[in-house]
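1. Pasting the sequence and the predicted model now:
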Amino acid sequence: MTQTNTPGEADGLHIGVTPWGEDRSGSAQSLARQAERAEALGFRSFWLPESHFAGRRSMPAPLLLLAAAAVRTTRLQLATTSYLLPVRHPLHVAAEIAELDRLSGGRVILGVGRGFRSALFRAFDVPVKEKRDRFEASLEIIRSAWRGEPVAVDADEQPVVLAPLPVQQPHPPVWVAGFGPKAVAQAGRLGLPYLASPMESLTVLAENYALHRDAREPAAADEPLAVPILRTVFISRNQALLGRVRESLARQSAALAAAPVASLRRHADAEVDDWALVGEPEAVREGVQRYRETLGMTHLLALPHVAGAEPDEVSASLEQIPRIAE
């Protein structure tokens, strides 16, 4: 299987999904069941974040959970939204992703990131100032290892190479989660797709994608890349329910005023429609079309869980999401 960064025209919009179940504690059984249902509903990918030191909602080892999902599915792509490279040895990452790619039959998409919480870097004994350089150096080692290039030499000066290699060649798709101009420009300079924060507005995303394009090497500027957009999505014809969901999302946005970093605090006053797709099916479909026309969106990654809806209401919305691109 070869790496594909963008779907062909015949494939239409790729719609993926993040976990939504009432049990969001990260148990392998719960997430594997959700992945199985996502595949049955017609979603094309299943995305897990990475989070540390957040109590029961922590998800410090998403690859292990995706391995559980791999054995319950056959077509669904398995992905991370932001696998944190600065706090890991790059050869461990290369080997574990290769194993997951083989276990799943070549269904991995690796979203990588740097992290931003200072406690994370203190816990892993990584200087915060080094995170960007470590990220880029790690990524180069990982991609080199996947290409079968030597990663060391043994006592007899013979090359040591990673084995086994991933199924997807030259390697699984790599997307860069970015928040802020430096991160967006770094993704562009590396020639990799950029995965935006779910809180940034369509206007901000357009500015970011312009920066991403401008940062790319001129020789590769016309090469098509995936344009993945992560959005909260909720669909219903019940106006009272939609009002409840909007109120919940507005509170979520306002809570960013107390966020630990300035780049998040700037989004505290954002209107819900600036960063979420909420409404009746026709309205959400029109919203999706705006993202496609404005940004060239190739992948919509849906966040279906909202605090303002009951589990059965989330489930009903979930069933409609794969159909909005029809």
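-> Received it, and whenever you're ready, just let me know what you need.
2. Now do the host helix or strand of Ala32: everything it contacts.
-> Assigned by DSSP states H and E, Ala32 belongs to helix 28-41. If you take CB atoms under 8 Å, 6 or more residues apart in numbering as the criterion, helix 28-41 is touched by 17, 19-21, 23-24, 46, 48, 64-65, 68-69, 71-76, 78, 318-319, 321-322. All C-beta spots, glycine's among them, are computed from the backbone N, C-alpha and C.
3. Which ones among these lie within helices?
-> Among the contacts of helix 28-41, the members found in helices (DSSP state H) are 64-65, 68-69, 318-319.
4. Nearest to Ala210 among the residues you listed?
-> For those, the residue nearest Ala210 by CB to CB is Leu318; the value is 33.0 Å.
5. OK, contacts around the closest one?
-> 17, 20, 41, 304.
6. Repeat the analysis, applying 7 Å as the threshold.
-> 20, 41, 304 (CB atoms under 7 Å, 6 or more residues apart in numbering).
7. Buried ones among those?
-> 20, 304 (16 or more other CB atoms under 10 Å).
8. Flag whichever of the contacts of Leu318 scores worst on pLDDT.
-> Across the contacts of Leu318, the bottom pLDDT score, 93, is held by Trp20.
9. how much space is there between that residue and Pro304?
-> As judged by CB to CB, to the nearest Å, Trp20 and Pro304 stand 4 Å apart.
10. Pull up the overlap in contacts between those two.
-> 314, 318.
11. The protein: helices as residue ranges?
-> 28-41, 62-70, 90-103, 118-123, 131-146, 181-189, 202-215, 239-254, 262-265, 272-275, 281-295, 311-320.
12. What's the mean pLDDT across the fifth one?
-> So that's helix 131-146. 94.
13. Kindly report the same for the second one.
-> The predicted model assigns helix 62-70 a mean pLDDT of 96.
14. For it, give me every contacting residue.
-> 26, 28, 31-32, 35, 46, 48-50, 78, 80, 83, 96, 100, 103-104.
15. Next: the fourth one.
-> Under the contact criterion CB under 7 Å, 6+ apart, helix 118-123 has outside partners 52-53, 87, 115, 128, 131.
16. Pull the most distant pair out of these.
-> Across the contacts of helix 118-123 (CB to CB), the longest gap, 16.6 Å, separates Phe53 and Lys131.
17. Those two: which is more packed in?
-> Each of Phe53 and Lys131 has its neighbours counted (other CB atoms under 10 Å); Lys131 has more, 20 against 10.
18. what residue ranges in this structure are flagged as low confidence?
-> Along the chain, segments meeting pLDDT under 70 span 1-11, 22-26, 219, 221, 256-269.
19. Asp156: which of the ones in helices among the contacts of helix 28-41 is nearest?
-> For the ones in helices among the contacts of helix 28-41, the nearest to Asp156 is Leu64 (35.3 Å; CB to CB).
20. What separation do you get for the closest one and Ala220?
-> 34 Å.
21. And those two? Which one has more around it.
-> Leu64 (14 against 10).
22. So what's the gap between stretch 231-241 and the chain middle?
-> Chain-centre distance of stretch 231-241: 22 Å, with CA atoms, centre = their mean, to the nearest Å.
23. Quick check: end-to-end length of it?
-> 19 Å (CA to CA, to the nearest Å).
24. Tell me the buried residues in that stretch?
-> Here stretch 231-241 shows 231-236, 241 as buried, counting by 16+ other CB under 10 Å.
25. a markdown table please, covering the residues you listed and showing distance to Arg216.
-> Formatted as a markdown table, those follow (distance: CB to CB, whole Å):
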| residue | distance to Arg216 |
| --- | --- |
| Arg231 | 24 |
| Thr232 | 29 |
| Val233 | 29 |
| Phe234 | 34 |
| Ile235 | 35 |
| Ser236 | 40 |
| Leu241 | 43 |
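26. I'd like to know which of those is nearest to Gly180.
-> Arg231 (19.0 Å).
27. What about Ala250, how many residues nearby?
-> 15.
28. show me what contacts it?
-> Taking CB under 7 Å, 6+ apart, one finds Val272 in contact with Ala250.
29. Tell me how far it lies from Val126.
-> Taking CB to CB, one finds Ala250 at 36 Å from Val126.
30. returning to that earlier point: Pro170 is nearest to which of the helices of the chain?
-> helix 131-146 (6.6 Å).
31. That closest one to helix 90-103, inter-axis angle?
-> Relative orientation of helix 131-146 versus helix 90-103 (axes from the mean of the first three to the mean of the last three CA atoms, to 10 degrees): 50 degrees.
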